[in-house]
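Q: One predicted model, sequence on top.
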Amino acid sequence: MVGCPPGALGSLAKRRVAVITAGSVGGRIALLLSRMGVGGLLLVDPKRFKAAGLATHDMGPEDIGKFKALETARRCRRINPAAEVLAFAQAVEALELAVLAGVDLVVMAPDLLAAEVEVGQRCIWLGKPLVHASVHGPTLTAQVRFFSN
């Protein structure tokens, strides 16, 4: 945790993080948070793994057709059994607002503008900090933005 005070990694065990979408970017973020010892994860993604994702997603052929949120949650639980991991295989628009109220940070990496707008608005309403991560596929350019709300 470059630039963080000593003990910052230990405090992660007390934090709950929502990861909106569990695809090539969000899925990896969830797995990394699990490896770092996050205390709780909330995963939201309505989509299933497709064969085309084998090149970009952290998945194997056996995962084709499985819900991204549910399969990523299973992996996160295996990595960090102490973490509370909840998964919702539904659109973020269908998620009850109260579910996001219990997290300390929201990370989103959707590929759908409507989901980005919805998550951003919910974070403003709840006063939750938001990290928005995205990758432009053709150029492999990553962009990460932080909103303190």
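A: Done, it's in.
Q: How far does stretch 10-28 sit from its chain's centre?
A: Stretch 10-28 has its C-alpha centroid displaced from the chain centroid by 4 Å (C-alpha atoms, centre = their mean, to the nearest Å).
Q: same question, stretch 68-86
A: 11 Å.
Q: Counting neighbours, which bits of that stretch end up buried?
A: 68-69, 71-73, 75-77, 79-80, 83, 85-86 (16 or more other C-beta atoms under 10 Å). Just so you know, the C-beta spots here come from the backbone N, C-alpha and C atoms, and that holds for glycine as well.
Q: Then stretch 126-141?
A: Residues 126, 128, 130-135 are the ones in stretch 126-141 that count as buried (16+ other C-beta under 10 Å).
Q: which residues are in contact with that stretch?
A: Stretch 126-141 has contacts (C-beta atoms under 8 Å, 6 or more residues apart in numbering) with 24-26, 29, 56, 97, 100-101, 103-109, 111, 116, 119-120, 122-123, 142-149.
Q: and after the lowest-mean-pLDDT helix or strand in the chain, which helix or strand comes next?
A: One helix or strand of the chain scores below all others by mean pLDDT, DSSP states H and E: helix 8-11, with a mean of 78. Scanning forward in sequence from helix 8-11 by DSSP states H and E, the next helix or strand is strand 16-20.
Q: other SSEs contacting that next one?
A: Applying 3 or more C-beta pairs under 8 Å, 6 or more residues apart in numbering; DSSP states H and E, one finds that strand 16-20 contacts helix 26-36, strand 40-44, strand 105-108.
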